[in-house]
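**Q** For reference, the sequence and a predicted model appear below.
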Amino acid sequence: MPDNPLVKETILILGGTREAAELARDLVENQPAARVISSLAGRTREPAPLAGEIRTGGFGGIEGLVRYLRETGVTRLIDATHPFARQISANAVEAAKIAGVPLDIRTRKPWPKQPGDAWIEVETLEQARDAIPPRARVLLALGSQHIGVFASRADVHFVVRMIDKPEQPLALPDHTLVLGRPGDTAAAETMLLIAHSITHIVCRNSGGTAAYAKIEAARQLGLPVIMVGRS
Ligand code: NAP
């Protein structure tokens, strides 16, 4: 149980998403007797400010997370991580069981395909790479750790958007790097797609609202989206 008698509940949010940030804000505002801690993996150099407390970095697997839950007196664990962050979600299930802490899973549902969407649905990044037609101009909406798969497509021009400047040059023969967060509106994403003469988007079916504007923009422009599903 929490040490401070005024703290009725200690909530640990496994975060790193916009939804997790919104949840932290909501809990801090509406549950004043709760201690709210957001956990970030530490991948983003300057994460957006968060309500409540923040802890950063891996826990050290299931064991480390169990230790943290016990030592911190966590009474409720919320998994609000990105749906493709599978390791931490799997660890959360096991650790919650071992530590006897209730787990609330709030990971996003995939986006359903809408009328007008020109999706080429694939299961893996390799299949996405192979589905790109020759000499396409592709918005590669993926994290830096997934870019290497596309290095063999020297015939394709890739536009890569990243929040932080990568420490190493990207391993893509022909690319443009755009620094910044995804646009909030379809109009902003449409401008980017037109400015770079994009013919295709490659992304994963992350769900949620934060990354959806590019999907709407693609629909409006009739652009094909090579969509990697959750296998
Ligand atoms: P992952 O493969 O599931 O996790 C790898 C390891 O990173 C975990 O085993 C854990 O290390 C640590 N970790 C991950 N999320 C953590 C968190 N919220 N707090 C503390 N440690 C965490 O995850 P990932 O795909 O690398 O994603 C990392 C973070 O970025 C997640 O928080 C996720 O919500 C966010 N994010 C991911 C994506 C994506 O496309 N995957 C997109 C946007 C945001 P230990 O085993 O040492 O505890």
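**A** Cool, the structure landed. Computed from a prediction, not measured in an experiment: that's the story for all the values here.

**Q** wait, does stretch 51-70 make contact with the ligand?
**A** Yes: judged by Cβ under 6 Å from any ligand atom, stretch 51-70 comes into contact with the ligand at Gly58, Phe59, Gly60, Gly61, Gly64, Leu65. Glycine gets a C-beta too; all of them are placed from N, C-alpha and C.

**Q** Domains of this structure: list them as residue ranges, please.
**A** As assigned by automatic domain parsing, the chain contains the domains 9-105, 118-228.

**Q** Show me what the mean pLDDT comes to for the shortest one.
**A** In this model, domain 9-105 carries a mean pLDDT of 96.

**Q** Okay, now that domain: how far is its last residue from its first?
**A** 18 Å (Cα to Cα, to the nearest Å).

**Q** ditto for stretch 146-165
**A** Per Cα to Cα, stretch 146-165 runs 15 Å from first to last residue.

**Q** And the contacts of it?
**A** Contact partners of stretch 146-165, identified using Cβ atoms under 8 Å, 6 or more residues apart in numbering, comprise 44-46, 125-126, 128-129, 132, 134-142, 144, 170-182, 192, 196, 198, 202.

**Q** For Thr190, which non-adjacent residue is closest in space?
**A** Counting by Cβ to Cβ, 6 or more residues apart in numbering, Ala217 is the residue found nearest to Thr190 once chain neighbours are left out, at 4.3 Å.

**Q** got the contact list for the one you found?
**A** By Cβ under 8 Å, 6+ apart, Ala217 lies in contact with Ala186, Ala187, Glu189, Thr190, Leu192, Leu193, Leu223.

**Q** Let's see that with 6 Å instead.
**A** By Cβ atoms under 6 Å, 6 or more residues apart in numbering, the residues touching Ala217 are Ala186, Glu189, Thr190, Leu193.

**Q** quick one: contacts for the spatially most central residue of the chain?
**A** Nearest to the mean C-alpha position of the chain, counting by Cα atoms, centre = their mean, stands His82 at 4.2 Å. By Cβ under 6 Å, 6+ apart, the residues touching His82 are Thr17.

**Q** Check which helix or strand the residue located most distally from the centre of the chain maps to.
**A** When distances are taken from the C-alpha mean of the chain, Pro5 lies farthest, 35.6 Å away, according to Cα atoms, centre = their mean. Assigned by DSSP states H and E, Pro5 belongs to no helix or strand.

**Q** Dihedrals phi and psi, it?
**A** phi -60, psi -20 (degrees, to the nearest 10).

**Q** same deal with Asn30?
**A** phi -100, psi -10.

**Q** swap in Val159?
**A** phi -110, psi 120.

**Q** Tell me the confidence at it?
**A** Val159 carries a pLDDT value of 98.

**Q** and it, bridged to which residues?
**A** Under DSSP bridges, the beta-bridge partners of Val159 are Leu139, Thr176.

**Q** Can you give me the separation between it and Ile13?
**A** According to Cβ to Cβ, to the nearest Å, Val159 and Ile13 sit 33 Å apart.

**Q** more neighbours, these two?
**A** Ile13 (28 against 20; other Cβ atoms under 10 Å).

**Q** Am I right that the more buried one sits in a helix?
**A** No: using DSSP: H, G, I helix; E, B strand; the rest coil, the assignment for Ile13 is strand, not a helix.

**Q** Name the residues linked to it by a beta bridge.
**A** Bridge pairing for Ile13 - DSSP bridges - gives Ser38, Ile78.

**Q** Pretty sure it sits against Ala20.
**A** Yes: the pair Ile13 and Ala20 passes the contact test of Cβ atoms under 6 Å, sitting 5.4 Å apart.
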